[in-house]
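Novice: Need coordinates for the following:
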Amino acid sequence: MVVEIKEYTSAEDIAETLEKKISDTKSVLGEYLRRLDDIRILAEKSKRVREVVMKLAGKKAVSQNLGEITVGTLNIVLDANPFHELTAIEEVVRSHQEKLLVLQKTREALKWLDQLGDTEGLKYIVVENNGVPDRILFKLS
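Specialist: Numbers count the residues shown, from 1 in each chain. Presented below is the predicted three-dimensional model:
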């Protein structure tokens with residue numbers, strides 16, 4: 001979690017920044033969704049091949065965590081397969097979807113700022129949590 005303080009000179013600047021973040025997040029999310037579709041197809045093919053080979057070999061498919069180690073809080077997967085990648089991309093997609101939702105809700109919640117219009121001498125000090133406005137301080141200068 002990263003908390004930052006940014007200063008804006010107008011409500012419009014805050015709105016424009018939020019709109020840009022929403023647009024950027026949608027763009028990144030779109031790329032990940034395309035990758036997710038591609039890797040999902042590959043993972044399904046891999047699963048079918050694995051099932052056929054195991055069936056022909058007369059073996060049961062076993063879920064193995066071999067090749068996965070944890071170092072501190074970091075999980076390392078050795079010899080990653082399409083299922084590992086699928087899981088990773090799904091996690092990233094969920095995260096971006098959640099961020100997009102929070103950004104959109106924040107933008108909607110800040111619509112009232114648009115009514116302020118030109119407020120000469122007023123500075124907007126915005127506390128952002130992971131790039132999302134969390135608190136706005138009005139400061140007269």
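Novice: so is D79 in a helix, a strand, or just coil?
Specialist: Here D79 is coil, with the state taken from DSSP: H, G, I helix; E, B strand; the rest coil.
Novice: which residue ranges form the helices in the chain?
Specialist: Remark: helices of the chain, listed N- to C-terminal, are 11-57, 82-109; assignment by DSSP state H.
Novice: lowest-confidence stretch among these?
Specialist: When these are compared by mean pLDDT, helix 11-57 comes last with a mean of 90.
Novice: Spell out for me which residue occupies the centre of the chain.
Specialist: When the chain is reduced to its mean C-alpha position, the closest residue under CA atoms, centre = their mean turns out to be H96, at 2.3 Å.
Novice: That one reaches S27, doesn't it?
Specialist: No. Using CB atoms under 8 Å, H96 makes no contact with S27, being 10.0 Å away. Heads up, the C-betas are built off the backbone N, CA and C, glycines and all.
Novice: quick one on the thing from earlier: contact partners for the residue nearest to the centre of the chain?
Specialist: Under the criterion of CB atoms under 8 Å, 6 or more residues apart in numbering, the neighbours of H96 are T25, V28, L29, Y32.
Novice: which phi and psi does the residue of the chain positioned farthest from its centre have?
Specialist: For the chain, the C-alpha farthest from the mean C-alpha position belongs to G58; by CA atoms, centre = their mean, that distance is 41.9 Å. Summarising the backbone geometry of G58 under the convention degrees, to the nearest 10, its torsions are phi 70, psi 30.
Novice: can you pull up the bridge partners for the residue lying closest to D13 once chain neighbours are set aside?
Specialist: Closest residue to D13 apart from its sequence neighbours, by CB to CB, 6 or more residues apart in numbering: Y124 at 7.5 Å. With DSSP bridges as the criterion, Y124 is bridged to Y8, F138.
Novice: I'd like to know how many residues surround Y124.
Specialist: 20 (other CB atoms under 10 Å).
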